[in-house]
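Peer 1: mind looking at a prediction? Sequence and model below.
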Amino acid sequence: MAQNNIDNIKDHVELFHQDEYQELFAGKKEFEGGHDPDLVAQTAEWTKTWEYREKNFAREALTVNPAKACQPLGAILAAVGFEGTLPFVHGSQGCVAYFRSHFTRHFKEPFSAVSSSMTEDAAVFGGQNNLIDGLANSYSLYQPKMIAVCTTCMAEVIGDDLQAFINNAKSAGSVPQEFPVPYAHTPSFVGSHITGYDNMIKGILTNLTKDQKAETTNGKINFIPGFETYIGNLREIKRIASLMGADYTLLADNSDYLDSPNDGEYHMYQGGTTLEDAADSINAEATVAFQAYSTTKTREYIGKEWKQPTSVARPVGIRGTDEFLIKLSALTGKPIPKELEEERGRAVDALTDSQAWLHGKRVALYGDPDLVIGLVQFLLEIGAEPVHVLVTNSNPDFETELRALLDSSPFGAGATIWGGKDLWHLRSLLFTEPVDLLIGNSYGKYLWRDTHTPLVRIGYPIFDRHHLHRYSTYGYQGAINLLNWIVNTLLDELDRNTIVPAKTDISYDLIR
Amino acid sequence: MTPPELATLETAPAEAFTTADKKELIKEVLEAYPDKAKKKREKHLNVFEEGKSDCGVKSNIKSVPGSMTTRGCAYAGSKGVVWGPIKDMIHISHGPVGCGYYSWSGRRNYYIGTTGIDSFGTMQFTSDFQERDIVFGGDKKLAKLITELDELFPLNRGVSIQSECPIGLIGDDIEAVAKKSAKEIGKTVVPVRCEGFRGVSQSLGHHIANDAVRDWVFPQYDKEKKAGNIPDGTEYDVAIIGDYNIGGDAWSSRILLEEIGLRVVAQWSGDGTLHEMINTPSVKLNLVHCYRSMNYISRHMEETYGIPWLEYNFFGPTQIAESLRTIAAKFDETIQAKAEEVIAKYEAQTQAVIAKYRPRLEGKTVALMVGGLRPRHVVPAFYDLGMRLIGTGYEFGHNDDYKRTTHYVEDGTLIYDDVSAYEFEEFIKELKPDLVASGIKEKYVFQKMALPFRQMHSWDYSGPYHGYDGFAIFARDMDLALNSPTWSLIGAPWKKAEATA
């Protein structure tokens, strides 16, 4: 029997490697109509060639393993950063089930959002009744302070008008007239999840700041995180701002929502930026976004409508953090405290301690535009060499910015930016032009398996490792985290490659 | 409401609530809804009364907007459930990028094969619709895409086109593309009209996917049969229908069927191939595990090919033995004798599992909420471990599921159909089971309430749970969830001290 020891119960990891199941697998082949194993092996080899790479890069219609999601995912991540806010996705209901599952698998936290559950009749007549009923029901059941509405592609294709529908829902008494129901159109066939984040933040700020412009500023700085999936980053920003004595408003702060304490009681709404603070953000001195390409429209709106200076700072690595601190000091007139200077020193110390293991290491990385720029900043300052930089949800401005960054360092000279490409393209790149290290999200593990390139998991989603999202990648502390993940992955790989007794273990060193 | 400092591990025994208590609870919970929604929802909540022919709830009806249903869509039912696991075909998520992205590698449908070469299960193929595709239509892009994928993945055995919402709304003719492309690449190309807005849940997606097999795959069997290319099978040929091989479930089922002397020629659809699917009408009996998602094709094969079908249940030793005997009864005495041998062979293993785990789980209560089969099918496995069921409900079951449920649950079990997040939370807070067994969206809600939880869709990344080998893992997992020392850490000691002072 395969399950032969009840004191050591075997699950899928071992069970199927027992003889009984190996025989079963062999027997099943008779019925599968599969290919000759030699042909499979030959074909697998062929996919590693330059010839295959050229074919692969010639495709125009097919996308395989893309590193991007769709707009409403970003929209609802933005929404839960505000106090008592229920994300409401107008359209067919399956989308919301997917979004909630996706975030829950990454954060290992509850994620609440509702749908207007549109079906065939709504496809014909429009979804207004669904929105009217949906607002009334969610308002009664979940008692939010704000409902933030975005759309699925179904509602966008049939052309539902959110502004009109929400006004009509208020007239119908679904929610009180004064109850905030900001909205954003978030078609999934335009942009990606980062576009949806931008649209929703802009929608919420537009709604909440209406008629809130005061004569004088409130002396605060607004921070916009962007599509941020590292809870540690939000906490690091708050910590740095407190150390600097900067008065700030985080637009918005979903750190408690996505990392709530377990005290035996479930609360649907956890923390978040208060609606009052968000409304007052129009009176701030300035707005600093930590991502550029998930806040493009929001920054444009703030500059134009609020007449507020906006800028982007990516506090990743040493220089990225330096620039952020200098900017914050200039904006607030407050000096950079000694404590942060000491943190800087410790982080730099750590980098110099590890530099020998990083220098000249060839790296492939993929992810959202801003994540990639931050990581490239860091790689260049530790002497690693970005080789393949792949961004599925790319755009021309981003590529120009990244090119300039790469060209600013001799370590970036050999890098190619692969905009709009997917992870099947990256597979070809890794086979034909191998690297020492791959940085990406959990889906990178398939590339690790196929190409044996060691993987450092940085990005979203991370489903197969626990708790990484709790750490920061921002600030000097974040630089140490990045360094830790990268250098120790390289050292683990070195051990793995030198572990055969009497053969490779001459280099299986105790001290590295 | 339970004060937080007392919430930890406070649970109620199964007898704590009478049927009248539970009916009162339903009434209270419904009070939170506006009238219109309340009228709709009250038909979906009830308490099972022994002797009734169903559970007294309406089902398979549109979800109430804004209620926070756990349900998905027809695309999820077709691509995610039925078609996705067919490993040697490429399943295109046709439309915008999201649907395929969110369902990429999410269900743990295990398979053996070289991914990207002869198997494609954990990959995401999409037409990644842009605005121009919505405006001008996506048929040309689709045709080109199929040409490209056949060049890059030449060992694929066929293609399915899984429609996302926009496809049906912009009037694309994917059937025409499928026919043309099938000729061009010389392989099966199946168009599936599983747009997410169709129907009220995943369920219609299962049906649509079944119909697509009937219309686009079985004609190949008919043709081959006519040409004399389908080899004669044996008297013992069967197919496993409705097992998605989550964590390897179909394998730990198949091993038992083979041990009793049957020849499993096809698995639908976990670790399945197109070839297996095409050949299924040659079997003598279809063995159906997930009735909800594959009864349609089973009925079709019965009507068209005269193949009888039989539902079975491989959760827990009681039901496994009963199912093996029922299956064997459809065959000759050799098979029947072997079934008895197999039951006897696993007896010692089963008793060892029960002896080890039952004392640790005896009397513990569980509340279930799963998809279309498990809200009833896993109940006997809990019973085998001495646990009690206090409530159950389906995300997307139909009336025939609730009828079948009556054979599994006791008098006084709370029944909730398409339960909303609000209802489920309120029910659990009041009934205080020892374990909640549901899905990923529910998991952390209840863990925050200090309640042990196991995911019953994905087996919480464990499994298999089917068959005798699976039951041992199931028992181990329920024990580790319920008896983890981590639950006792919840709540700061000084808070607890304050509360008792």
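Peer 2: On my side now, so go ahead.
Peer 1: if you go through the stretch 351-500 of chain A in chain order, where are the strands?
Peer 2: In the stretch 351-500 of chain A, the strands defined using DSSP state E, counting those that start in this stretch lie at A:362-366, A:385-391, A:416-419, A:437-440, A:455-457.
Peer 1: what is the last one packed up against?
Peer 2: On a contact count with 3 or more C-beta pairs under 8 Å, 6 or more residues apart in numbering or on different chains; DSSP states H and E, strand A:455-457 meets strand A:437-440, helix A:444-451, helix A:475-496. (Glycine included, C-beta is placed from N, CA and C.)
Peer 1: pick the most buried one from those.
Peer 2: Ranked by mean neighbour count under mean count of other C-beta atoms under 10 Å in any protein chain shown, the helices and strands packed on strand A:455-457 are led by strand A:437-440, which reaches a mean of 25.
Peer 1: so where do the strands sit in the chain?
Peer 2: Chain wasn't specified; assuming chain A. Assigned strands in chain A, in chain order: A:63-64, A:85-90, A:114-115, A:146-151, A:221-224, A:248-250, A:286-289, A:310-312, A:362-366, A:385-391, A:416-419, A:437-440, A:455-457 (criterion: DSSP state E).
Peer 1: ah, no, chain B please
Peer 2: B:45-47, B:89-94, B:125-126, B:158-163, B:188-192, B:237-243, B:263-269, B:285-288, B:309-311, B:365-368, B:388-392, B:414-416, B:435-438, B:453-455.
Peer 1: I'd like these as TSV, with mean pLDDT appended.
Peer 2: Output for those, formatted as TSV (pLDDT from 0 to 100):
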stretch	mean pLDDT
strand B:45-47	98
strand B:89-94	98
strand B:125-126	98
strand B:158-163	98
strand B:188-192	98
strand B:237-243	98
strand B:263-269	98
strand B:285-288	98
strand B:309-311	98
strand B:365-368	98
strand B:388-392	98
strand B:414-416	98
strand B:435-438	98
strand B:453-455	98
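Peer 1: want to try CSV for the ones you listed, with distance to A:Leu494 and mean neighbour count as columns?
Peer 2: Converted to CSV, those look like this (distance: least, C-beta to C-beta, whole Å; neighbours: other C-beta atoms under 10 Å in any protein chain shown):
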stretch, distance to A:Leu494, mean neighbour count
strand B:45-47, 60, 24
strand B:89-94, 38, 28
strand B:125-126, 36, 26
strand B:158-163, 43, 28
strand B:188-192, 47, 25
strand B:237-243, 43, 27
strand B:263-269, 42, 25
strand B:285-288, 51, 23
strand B:309-311, 55, 18
strand B:365-368, 48, 25
strand B:388-392, 52, 25
strand B:414-416, 54, 26
strand B:435-438, 44, 26
strand B:453-455, 37, 20
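Peer 1: columns distance to B:Phe446 on top of those, output as JSON lines?
Peer 2: Listed next are these as JSON lines, based on distance: least, C-beta to C-beta, whole Å:
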{"stretch": "strand B:45-47", "distance to B:Phe446": "19"}
{"stretch": "strand B:89-94", "distance to B:Phe446": "31"}
{"stretch": "strand B:125-126", "distance to B:Phe446": "34"}
{"stretch": "strand B:158-163", "distance to B:Phe446": "32"}
{"stretch": "strand B:188-192", "distance to B:Phe446": "35"}
{"stretch": "strand B:237-243", "distance to B:Phe446": "28"}
{"stretch": "strand B:263-269", "distance to B:Phe446": "31"}
{"stretch": "strand B:285-288", "distance to B:Phe446": "31"}
{"stretch": "strand B:309-311", "distance to B:Phe446": "30"}
{"stretch": "strand B:365-368", "distance to B:Phe446": "9"}
{"stretch": "strand B:388-392", "distance to B:Phe446": "13"}
{"stretch": "strand B:414-416", "distance to B:Phe446": "15"}
{"stretch": "strand B:435-438", "distance to B:Phe446": "4"}
{"stretch": "strand B:453-455", "distance to B:Phe446": "5"}
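Peer 1: right, is stretch B:55-72 up against chain A?
Peer 2: Yes. Shown here: stretch B:55-72 in contact with chain A (C-beta under 8 Å from any C-beta of the partner chain) through B:62-72.
Peer 1: how about the helices and strands packed on strand A:455-457, which one is nearest A:Ala214?
Peer 2: Checking those against A:Ala214 by C-beta to C-beta gives helix A:475-496 as the closest, at 31.9 Å.
Peer 1: convert the closest one to PDB, retaining C-alpha atoms only.
Peer 2: This file holds the C-alpha atoms of helix A:475-496, laid out as PDB (Å, rounded to 0.1, in the frame of the first residue of the first chain):
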ATOM      1  CA  GLY A 475      14.200  53.000   2.800                       C
ATOM      2  CA  TYR A 476      17.600  51.900   4.100                       C
ATOM      3  CA  GLN A 477      15.900  49.100   5.900                       C
ATOM      4  CA  GLY A 478      14.400  48.000   2.700                       C
ATOM      5  CA  ALA A 479      17.800  48.100   1.000                       C
ATOM      6  CA  ILE A 480      19.000  45.600   3.600                       C
ATOM      7  CA  ASN A 481      16.000  43.400   2.900                       C
ATOM      8  CA  LEU A 482      16.600  43.400  -0.800                       C
ATOM      9  CA  LEU A 483      20.300  42.700  -0.200                       C
ATOM     10  CA  ASN A 484      19.400  39.800   2.100                       C
ATOM     11  CA  TRP A 485      17.100  38.200  -0.400                       C
ATOM     12  CA  ILE A 486      19.400  38.600  -3.300                       C
ATOM     13  CA  VAL A 487      22.800  37.700  -1.800                       C
ATOM     14  CA  ASN A 488      21.500  34.800   0.200                       C
ATOM     15  CA  THR A 489      19.700  33.400  -2.800                       C
ATOM     16  CA  LEU A 490      23.000  33.500  -4.700                       C
ATOM     17  CA  LEU A 491      24.800  31.900  -1.800                       C
ATOM     18  CA  ASP A 492      22.100  29.200  -1.500                       C
ATOM     19  CA  GLU A 493      22.600  28.500  -5.200                       C
ATOM     20  CA  LEU A 494      26.300  28.300  -4.800                       C
ATOM     21  CA  ASP A 495      25.900  25.700  -2.000                       C
ATOM     22  CA  ARG A 496      23.400  23.700  -4.200                       C
END
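Peer 1: residues making contact with that helix?
Peer 2: The contact list for helix A:475-496 (C-beta atoms under 8 Å, 6 or more residues apart in numbering or on different chains) reads A:232-233, A:236-237, A:239-240, A:315-318, A:321, A:340, A:343-344, A:346-347, A:350-351, A:354, A:357-358, A:361, A:375, A:378, A:382, A:384, A:436-437, A:439, A:454-458, A:471-473, A:507-508, A:512.
Peer 1: could you dump the helices and strands packed on strand A:455-457 into JSON lines with mean pLDDT added?
Peer 2: Shown next, in JSON lines, are these (pLDDT from 0 to 100):
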{"stretch": "strand A:437-440", "mean pLDDT": "98"}
{"stretch": "helix A:444-451", "mean pLDDT": "98"}
{"stretch": "helix A:475-496", "mean pLDDT": "98"}
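Peer 1: with distance to A:Lys108 as added columns, please give the ones you listed in JSON lines.
Peer 2: Formatted as JSON lines, those follow (distance: least, C-beta to C-beta, whole Å):
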{"stretch": "strand A:437-440", "distance to A:Lys108": "20"}
{"stretch": "helix A:444-451", "distance to A:Lys108": "18"}
{"stretch": "helix A:475-496", "distance to A:Lys108": "19"}
